[in-house]
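Q: how would this look folded up:
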Amino acid sequence: MPVSPIERNDHTEPNAEAFIFGFDFPSEGVVNKVDWEKVKPTAACPSAGWRWLHFNRLADETRDWLENHSGLDETVISALLQSETRPRCASYEDGLLLNLRGINHNPGAEPEDMISVRIWAANNIVISMRSYPVKAIHEVRQETASGDAATSPGGLVVCIAERLVDNIEPVLEQLKEEADEFEELLLSGKERLPPAALAEFRRTILLLRRYILPQREAMTQLQKEGRTLFDDDHQIHLRETADRITRIAEELDSIRDRAAVLQDQVAGQRQETLNQRLLALSIISAFFLPLTFLTGLLGMNLAGIPFAHETWSFGAVVALSVTLGAALLVFLKWRRWI
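A: Numbers count the residues shown, from 1 in each chain. Coordinates of the predicted model:
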C-alpha cells in the first residue's frame, strides 16, 4: 500500500510558502483577490466587509504571521498549529475554532488517511489552514473566484463543511460496492476470499469511523456555538450536513458489521477445510494401522515365525491385508465416518 502523508507524522517545511490564497469581500457580490504582500505586514481583518485567508500550516512563516500580525489569542494560535487534531468545535471570545477532516485525494495517498482543515471564523475574518492540499477547499476557492461566493463568514464555513461531506460520500459508495463484491465472491464459492484483502478493507472502515464520528459531534456543536455567525438558512444547511454525517456514520457501522460477518465466514471456511484435511489424514492413518502392525509383526527377523518357509505364505499375507483393509472400510462406512 502506498504511504500517505498522515498528519500525526507531519513536520514543518521551512522553505514552503505560507500564504496559499486570500479573498476580500468588501460588499455583497464583490470579491477581490488578496496577495501576500498586502496581508503580511498588516492586521488580518479588513477595514470593510470581511476576509478569507488560507495558509499552509507546515510553513514556518505561517507561525510567525499568526503570532505577530494576526491579532489572534495565543490559545487560538496554538490550536491552529497543533499537529494532531480530532474534529471539534469550540468558541473563543468573538469567534469559533473548528477542526474538520476531509478525504485525502493527494497522489499516492489513501482516502481513509483523512487530512484536517483548521478554521478560525469571526464576524469579519475566516482563517483556514491545511497541512496538505484539500479538494474541498480547492472547490470552494474556484467557486469564490468565479463569482459564486459566500456572502458571510458563516456562509463560507457552511460551504466548506458541505464540500467536505460531498467528498466523503463517493468513498462510502465505493466501500459498499467492495462489500457487495466480497459477499458475491464468498457465496459463489468459485474463488477463495483473500483474508489479507478483507483485513485491509476492515482497516479502511475503522480509520474512516475514527474521524467521522467526532465530525458529527463537531457539526452538532457548531450549530450551538455559532448562533452569532449563522443565520436561519445557515442553520438549516448545518443541520442537513450533520444529518448526512450521521447517515455516513450509520452506513460505516453497517459496512463494518458486514465485514465482520464476512471475516467470521472466512474463518469458518478455513476451519472446515482444515477439519476435512485432518479427517482425510486420520482415515488414511486408521486404514494403514492394522496393515502396518501385521507386516511389522511378520517381518521380524526371528526364528519360529509360522509358515515363513511356505511358498504360499506371501500370498496369504497379502490376502489377509486386503481383507483387513476391506473390513476397516466397511466399519468406517457403517459408522458414517466417511
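Q: which stretches of the stretch 1-150 of the chain form strands?
A: 19-25, 32-33, 50-56, 88-92, 95-102, 115-122, 125-130 (DSSP state E, counting those that start in this stretch).
Q: So which of those strands is nearest Leu278?
A: Closest approach to Leu278 among the strands of the stretch 1-150 of the chain is made by strand 95-102 (48.0 Å; Cβ to Cβ). For every residue, glycine as well, the C-beta is placed using N, CA and C.
Q: Show me how the chain divides into domains.
A: What automatic domain parsing lists as the domains of the chain is 7-267, 281-334.
Q: between those domains, which gets nearest to Asn275?
A: domain 281-334 (10.2 Å).
Q: any idea of the mean pLDDT in that closest one?
A: The average pLDDT for domain 281-334 rounds to 74.
Q: Ends of it, what's the gap?
A: End-to-end distance for domain 281-334: 19 Å, by Cα to Cα, to the nearest Å.
Q: Offset the numbering so it begins at 832, please.
A: Yes, from this point I'll number from 832; that puts the last item at domain 1112-1165.
Q: How far off centre is that domain?
A: 62 Å (Cα atoms, centre = their mean, to the nearest Å).
Q: got it, and stretch 1029-1043?
A: Stretch 1029-1043 has its average C-alpha position 4 Å from the chain's average C-alpha position, going by Cα atoms, centre = their mean.
Q: Kindly report the same for stretch 1069-1081.
A: Worked out by Cα atoms, centre = their mean, stretch 1069-1081 lies 18 Å from the chain centre.
Q: Please identify the buried residues of that stretch?
A: Residues of stretch 1069-1081 classed as buried: Leu1069, Thr1072, Ala1073, Arg1075, Ile1076, Ile1079, Ala1080 (neighbour count, 16 or more other Cβ atoms under 10 Å).
Q: if you look at those, which of them are in helices?
A: If you go by DSSP state H, the buried residues of stretch 1069-1081 have Leu1069, Thr1072, Ala1073, Arg1075, Ile1076, Ile1079, Ala1080 in helices.
Q: so the second one makes contact with Cys990?
A: No: with contacts defined as Cβ atoms under 8 Å, Thr1072 does not count as touching Cys990, sitting 10.1 Å away.
Q: and stretch 848-860, how far apart are its ends?
A: For stretch 848-860, the first and last residues are 29 Å from each other (Cα to Cα).
Q: where do the helices sit along this protein?
A: Using DSSP H, helices in the chain cover 867-870, 891-899, 905-912, 966-976, 984-1019, 1026-1056, 1063-1129, 1144-1165.
Q: now Ala847, nearest residue through space, not along the chain?
A: Ala890 (4.2 Å; Cβ to Cβ, 6 or more residues apart in numbering).
Q: ok, now Leu1155?
A: Distances taken as Cβ to Cβ, 6+ apart put Pro1121 closest to Leu1155, at 4.9 Å, once the chain neighbours are dropped.
Q: Could you check how far the one you found is from Val1149?
A: From Pro1121 over to Val1149 the distance is 14 Å, taken as Cβ to Cβ, to the nearest Å.
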